Every structure is written in C-alpha cells, then in structure tokens.
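1. Structural data only, the sequence is not supplied:
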C-alpha cells in the first residue's frame, strides 16, 4: 500500500483515513506493507500504545517532501526553505518530486510478493501502476479528494490528467462517497461499474455519560460555533464567516472559532474585521487531537460548509462528542449522518438559520445527536476494511 503519514500528523484527512483503514485491514487478517513518503527529521514513535498491533505493519520509507493535498505552489514554498544541495534528493518541483518518489518506491518494493497493490490519491498512483505491472497484480486506486474538489473545479491541468490516468490504469477504484463517485463518472469519464463506494470509518467512541456532562456544561456558557479544517477554498471558511456575520446580528453573544491553518488565514482575518466580528471570533490555528476534542465538547454546534467535500471525517468526530452538526450537501458525510441539518454551501442565510435554530431549541439540538451511537457503531474502520477486503477478493478471483 502506497499511503501517507503513519502515524498521521494532522487531524482528519488522508493520513487519518489511511491509518484507520490499515488498522481495519489488520483486524481482518490482511498483512500490509506501507510505502510512505518521509522527510528526514520527521521521525516519530510509530507504535501507538492503544494500538500495539501497529508493530506488525511493515513500513518502507521513501525520502520525500510530498504531503497530502500538495500543490505545485505549496511544494515550491517548502523546497525553497531547505539548502539548495539537498533539493535533488527530494525533487526541485512537484513533478520532479513525484517522479523521484515513483522511481524509488518501485525499486524498494520490487522484491516483495504482494497479492494487491493499493494506492491513495494521485501522487502515489504512478508508483502503484509501475509496481502492479512489475508484480503482475491488480491495482486498486483509492480516491479521497480529487483535484476538482481541491480547486472548486478550476484544476491544475497536469494534476487532473495524472489523476485521470491513474483511474484509467486501475483495475478498480474505491471512492469515499457517492458524491465522489459521481465526480469520477461525470468529470473523469470513468465507468460506474469500475468504482465501489466505501465510506470512511471512524475510530471515535460515543460516551453517553460524557455526552450528558457536555450538554450541561454547554448550557452554562455562551454559545460557541466551530469550524475545523484546512483554511483552503475547498473547506468553505469564507462561507463560515458570512454565516457568522448573520448569526451575530441576531445573537451578538455567540462566539465563533476557526481551527486550522492554511494559505487563506490572512484574508480570513481581514474579512472577519470587515464584518465586525473581531470581538466574537478566535482563529485557533492548527490544533492537536486533544485540543480538537475539547473544542468539540465546548461547541454548541459544528459547521462544515465545504464547497466540495468527498467525505469529511471531522463530521464523525463532532457527532462522537455529542455536538450537533450542520453539513454541506456537497459532502460525503451527509450521505451517512442522518440526524443533521444539511444545506448547500452557498446558502449562508439558510446556514445561519440552522445555527440559530440549534442555539434556540435545546431539545432539537439534543435530538440531532441521538443517532451518533448507531452511526459510529456501523462506520467502524473494521467494518469498512472488511468491504475493502471483499473488493480485493473479487479482483483476485476474476
């Protein structure tokens, strides 16, 4: 498996999904060899004490500065910050970096004997295609976010073509939602029968006693509305601010928190000031898992206003903490979270109305969280990995 960040360094997203799937596959008795881009100096403890089975995962590390959701501009910023003499190791630009990762990965895995080659998102597809051809085994392409998602349908043409090539080369594709599957069919020309939908899972557990305590604590404090995600156009932080401005006019005591970092931070701060929100908003920056859990627990509601969200693991994290959620209809999470307000990302007026309803109607807010245990029990990574294992078996027996 050509994957990302093990253990993950960021909340939500590709690293967490890869970790959850790998652990789920281990639970289903699938042996996994992970091939990971890994920059020198990023050494971390690999074995989570809560998951000692991680020590049974074989890992092959490839020297690389590649990160999930990379773009040519973001990669260029990082490569310019390191000594010139080391740029050849990692690649002078994004295309060169992907090429080096592909060549090195194929060489390091040529003596393995896999049954399946599995890769996550476009930067690893080249290595997977080469590896699958070398070993004469099926290639499964897993897609968590397309270039169209990341750019609001204004793609970098080179990345878009690399993605489409990977989809065409794959023996089968796993999409994280029906929303994503439809994008592959409509915008990449991939046949429907080549794509299986396996929604992301969750490692979160619902604690009923903790949920009750949180509801009591929330009722004693000023309302707080939370956004948590990358500060990028895909995630809709500007729409969150527009919604916040509308809510503020009706309930000036509401506090808003934007947690996460990204290139949009300066413009978001400026826009918040223009909207008169400077006394009612906190830009929390990147938060740890522990900090995120505290934010979920303190929030009166969580808003995910993404313009195009293949899934949205943060939605599952929020409901696990008993937090009512408002989800963009343009998201995969809205397919599996039934008890939630669902609005189009652009309808900030409706979004604000949903927030005000949750803050005003405590019984309704409580009702929105009642489905969480059933969802989390169904969407475990063990269950979702079993579906992936079934896809493997079908490929090997056809």
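-> It's in. What you see is a predicted model, and the numbers here were worked out from it, not measured in a lab.
2. Hmm, residue 300 is touching residue 225, no?
-> Yes: in this structure residue 300 lies within contact range of residue 225 using Cβ atoms under 8 Å: 6.4 Å. Quick note: C-beta positions are derived from backbone N, CA and C, even for glycine.
3. show me what contacts the closest residue to residue 124 other than its chain neighbours?
-> Nearest non-adjacent residue to residue 124, counting by Cβ to Cβ, 6 or more residues apart in numbering: residue 2, 3.7 Å away. Contacts for residue 2 (Cβ atoms under 8 Å, 6 or more residues apart in numbering) come out as 35, 105, 117-120, 124, 127-128, 131.
4. give me the element the residue nearest to residue 192 when sequence neighbours are not counted is part of.
-> Residue nearest to residue 192 in three dimensions, not counting chain neighbours: residue 185, with 5.5 Å by Cβ to Cβ, 6+ apart. Taking DSSP states H and E as the definition, one finds residue 185 inside helix 178-188.
5. about what we covered before: pLDDT at the residue nearest to residue 124, what is it?
-> pLDDT for residue 2: 96.
6. Same question for the helix holding residue 185: list its buried residues.
-> Within helix 178-188, the residues scored as buried using 16 or more other Cβ atoms under 10 Å are 179-181, 183-184, 188.
7. Outside of it itself, list whatever touches it.
-> Helix 178-188 is contacted by residues 143, 145-146, 148-149, 153, 163-164, 167, 173, 175, 190-192, 195, 197, 308-311, 330-332, 335 when judged by Cβ under 8 Å, 6+ apart.
8. Which ones among those lie within strands?
-> Judged by DSSP state E, the contacts of helix 178-188 include 143, 173, 175, 195, 197 as members of strands.
9. correct me, but the last one touches residue 143?
-> Pointing back at residue 197 there. No: between residue 197 and residue 143 there is no contact under Cβ under 8 Å: 10.7 Å.
10. what's near enough to touch residue 199?
-> Applying Cβ under 8 Å, 6+ apart, the residues near residue 199 are 176-177, 311, 332, 335-336, 379, 384.
11. In terms of helices and strands, where is residue 225?
-> Taking DSSP H and E as the definition, one finds residue 225 inside strand 224-228.
12. Could you identify the helix or strand that succeeds that strand?
-> Counting by DSSP H and E, the next helix or strand C-terminal to strand 224-228 is helix 237-250.
13. Quick check: bridge partners of residue 36?
-> Legend: beta-bridge partners of residue 36 under DSSP bridges are residue 61.
14. Surely it is in contact with residue 6?
-> Yes: Residue 36 lies in contact with residue 6 (Cβ under 8 Å); the separation is 5.9 Å.
15. what do those two both touch?
-> By Cβ under 8 Å, 6+ apart, residue 36 and residue 6 have these common neighbours: residue 59.
16. Tell me which helix or strand in the protein has the weakest average pLDDT.
-> Ranked by mean pLDDT, DSSP states H and E, the weakest helix or strand in the chain is helix 208-219, scoring a mean of 55.
17. Where does the prediction get shaky in the chain?
-> Along the chain, segments meeting pLDDT under 70 span 9-12, 40-56, 206-220.
18. just to revisit the earlier point, filter the contacts of helix 178-188 down to the buried ones.
-> Among the contacts of helix 178-188, those buried by neighbour count (16+ other Cβ under 10 Å) are 143, 145-146, 148-149, 163-164, 167, 173, 175, 190, 195, 197, 308-311, 330-332, 335.
19. Please report how far residue 153 lies from residue 120.
-> According to Cβ to Cβ, to the nearest Å, residue 153 stands 22 Å off from residue 120.
20. Same question for residue 317.
-> Applying Cβ to Cβ, the value for residue 317 to residue 120 is 20 Å.
21. for residue 388, what are its contacts?
-> 21, 24-25, 174, 198.
22. Would you convert those into JSON lines that also reports neighbour count and distance to residue 253?
-> JSON lines is the format used below for the contacts of residue 388 (neighbours: other Cβ atoms under 10 Å; distance: Cβ to Cβ, whole Å):
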{"residue": "21", "neighbour count": "24", "distance to residue 253": "42"}
{"residue": "24", "neighbour count": "22", "distance to residue 253": "43"}
{"residue": "25", "neighbour count": "23", "distance to residue 253": "47"}
{"residue": "174", "neighbour count": "23", "distance to residue 253": "45"}
{"residue": "198", "neighbour count": "19", "distance to residue 253": "43"}
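23. rewinding a little: ok, residue 300 and residue 225, which is more surrounded?
-> residue 225 (26 against 22; other Cβ atoms under 10 Å).
24. With the flanking residues excluded, which residue is spatially nearest to that one?
-> residue 256 (5.2 Å).
25. is it true that that neighbour lies in a strand?
-> Yes: assessed by DSSP: H, G, I helix; E, B strand; the rest coil, residue 256 belongs to a strand.
26. just the strands in this protein please.
-> According to DSSP E, the strands that the chain contains are 33-38, 58-63, 117-120, 139-143, 172-175, 195-197, 224-228, 255-259, 281-285, 301-304, 325-328, 341-343.
27. got those as TSV, with distance to residue 374 columns?
-> Formatted as TSV, these follow (distance: least, Cβ to Cβ, whole Å):
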stretch	distance to residue 374
strand 33-38	32
strand 58-63	35
strand 117-120	28
strand 139-143	26
strand 172-175	23
strand 195-197	20
strand 224-228	23
strand 255-259	27
strand 281-285	31
strand 301-304	19
strand 325-328	15
strand 341-343	18
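28. quick revisit: what packs against the strand holding residue 225?
-> The contact analysis (3 or more Cβ pairs under 8 Å, 6 or more residues apart in numbering; DSSP states H and E) places strand 224-228 against helix 237-250, strand 255-259, helix 289-298, strand 301-304.
29. now for these, which one comes closest to residue 321?
-> Closest to residue 321 of the helices and strands packed on strand 224-228 is helix 289-298 (Cβ to Cβ; 3.7 Å).
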